[in-house]
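> need coordinates for the below:
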Amino acid sequence: MKTTAPAWLVWTERALAAAAIAVVAWVLLTQWGAVRHGHPAYAIMLALTVLGAALVGVASWRGWGGRPGWRRVLRILGAVAGLGWIAVTAWLRPFSATEPALAAMASDDAVTVTETADYILFAPTGEASDIALEFQPGARVDPRAYAAVLRPLAEAGHTVVITKQPFGIGFFALDGYVMAAELDLDAQWVVGGHSLGGTVAALQVGNGGDLPVGLLFLASYPADDMSDFAGDVLSISGSEDGLATPDKIDASRDDLPADSTFTVIDGGSHAQFGAYGLQPGDGTPTISNDDAREQISDAALAFLDSLES
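A predicted model of the protein is given here:
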């Protein structure tokens with residue numbers, strides 16, 4: 001039997017169903033590349049959103065069966081949950097990679113690029129160094145966005161693995177280092193990342209597998225005290241970063257080993273550590289993207305080179 005529900009509830013359900021489909025369309029039309037090349041978890045979430053919206057829309061028009069009292073309560077709770085789901089889906093919309101990162105994704109005679117659902121691998125075609133890098137992207141950033149910054153490391157002989165994070169959030173990819181180590185590359189590992197990715201990279205230390213020989217922070221810092229970490233640490237930051245600000249970077253010194261190295265890109269901003277456009281809350285850079293990228297790559301490469309046996 002059908003239930004009689006207040007008009008406001010019926011139209012709320014229909015509005016939420018329409019909003020859910022609109023959000024999915026907005027994400028796909030504006031950030032299709034990032035969805036396609038990111039971890040599949042977000043794409044699955046988008047598909048479930050469309051399916052759920054379609055089911056709610058059909059049920060709203062055809063009527064819901066069951067006992068009126070409890071059914072109405074469940075429908076109200078479902079509407080609240082649906083609103084939350086839509087909000088999270090919209091917030092998780094990723095930052096898509098831009099040039100020159102997209103061009104850096106192509107294989108050539110120096111670097112072979114392999115992409116899977118879980119990672120992007122930059123492998124030197126020549127003799128590989130015994131120092132490799134596992135890298136965690138910043139929150140909601142297309143993993144391809146770091147290709148232009150990290151590719152020079154692979155061109156110099158260091159294997160680089162960029163972890164793809166479920167929903168673009170590093171906390172869901174704490175096994176990234178273990179996954180990279182299981183590639184059996186016969187290498188010692190540095191773990192690193194940008195922004196939240198750097199924080200997550202630090203959390204990976206001691207999370208299984210052999211300890212990494214180094215930590216690389218790009219516009220980032222650890223969440224906890226790591227002053228007893230036995231490996232080498234390099235922190236690269238930007239003087240104009242509005243998110244990982246210079247004050248936050250300075251404050252992180254007490255949480256890192258005393259011999260950690262801090263390199264500041266004079267004029268660099270938060271988003272210049274990748275290639276994904278502007279980022280809300282960031283500062284205004286006073287140097288070009290090319291200049292910042294070259295300085296970041298050079299500093300990271302010198303760090304990995306210094307760890308070679």
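> output the host helix or strand of L301 as PDB, nothing but the C-alphas.
Assigned by DSSP states H and E, L301 belongs to helix 289-306. What follows is helix 289-306 as a C-alpha-only set of coordinates in PDB (Å, rounded to 0.1, in the frame of the first residue of the first chain):
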ATOM      1  CA  ASN A 289      55.600  28.000 -11.800                       C
ATOM      2  CA  ASP A 290      58.500  26.900 -13.900                       C
ATOM      3  CA  ASP A 291      61.100  28.500 -11.600                       C
ATOM      4  CA  ALA A 292      59.400  27.000  -8.500                       C
ATOM      5  CA  ARG A 293      59.100  23.600 -10.100                       C
ATOM      6  CA  GLU A 294      62.800  23.500 -11.100                       C
ATOM      7  CA  GLN A 295      63.900  24.500  -7.600                       C
ATOM      8  CA  ILE A 296      61.700  21.900  -5.900                       C
ATOM      9  CA  SER A 297      62.900  19.200  -8.300                       C
ATOM     10  CA  ASP A 298      66.500  20.100  -7.900                       C
ATOM     11  CA  ALA A 299      66.300  20.100  -4.100                       C
ATOM     12  CA  ALA A 300      64.500  16.800  -4.000                       C
ATOM     13  CA  LEU A 301      66.900  15.200  -6.400                       C
ATOM     14  CA  ALA A 302      69.900  16.400  -4.400                       C
ATOM     15  CA  PHE A 303      68.400  14.800  -1.300                       C
ATOM     16  CA  LEU A 304      67.800  11.400  -2.900                       C
ATOM     17  CA  ASP A 305      71.300  11.500  -4.500                       C
ATOM     18  CA  SER A 306      72.800  12.100  -1.000                       C
END
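> report the buried residues of that helix.
Along helix 289-306, the positions that meet the burial threshold by neighbour count (16 or more other Cβ atoms under 10 Å) are 289, 291-297, 299-301, 303-304. Backbone N, C-alpha and C define where each C-beta goes, glycine included.
> what's the domain layout of this structure?
What the record gives for the chain is the domain set 7-91, 103-306, from automatic domain parsing.
> show me the one of those that comes nearest A97.
Ranking these by proximity to A97 (Cβ to Cβ) places domain 103-306 first, at 3.9 Å.
> the closest one: end-to-end distance?
Across its full length, domain 103-306 reaches 28 Å between end residues, using Cα to Cα, to the nearest Å.
> how far out from the middle of the chain is that domain?
Relative to the centre of its chain, domain 103-306 is centred 11 Å away, using Cα atoms, centre = their mean, to the nearest Å.
> over to stretch 93-107?
13 Å.
> on that earlier part again, which of the domains of the chain is buried the deepest?
Mean neighbour counts were taken over those using mean count of other Cβ atoms under 10 Å, and the top value, a mean of 20, falls to domain 103-306.
> and the longest helix along the chain, what other elements does it pack with?
Of all the elements of type helix in the chain, the one with the most residues (DSSP state H) is helix 7-37. For helix 7-37, the contact count by 3 or more Cβ pairs under 8 Å, 6 or more residues apart in numbering; DSSP states H and E identifies helix 40-62, helix 68-91 as packing neighbours.
> what angle separates the longest one from helix 40-62?
Computed by axes from the mean of the first three to the mean of the last three Cα atoms, to 10 degrees, the angle separating helix 68-91 from helix 40-62 equals 140 degrees.
> list of residues touching stretch 20-40?
Outside of stretch 20-40, the residues that reach it under the criterion Cβ atoms under 8 Å, 6 or more residues apart in numbering are 42-43, 46, 49-50, 52-54, 82, 85-86, 89-90, 93-97, 115, 117-118, 142-144, 164-168, 173.
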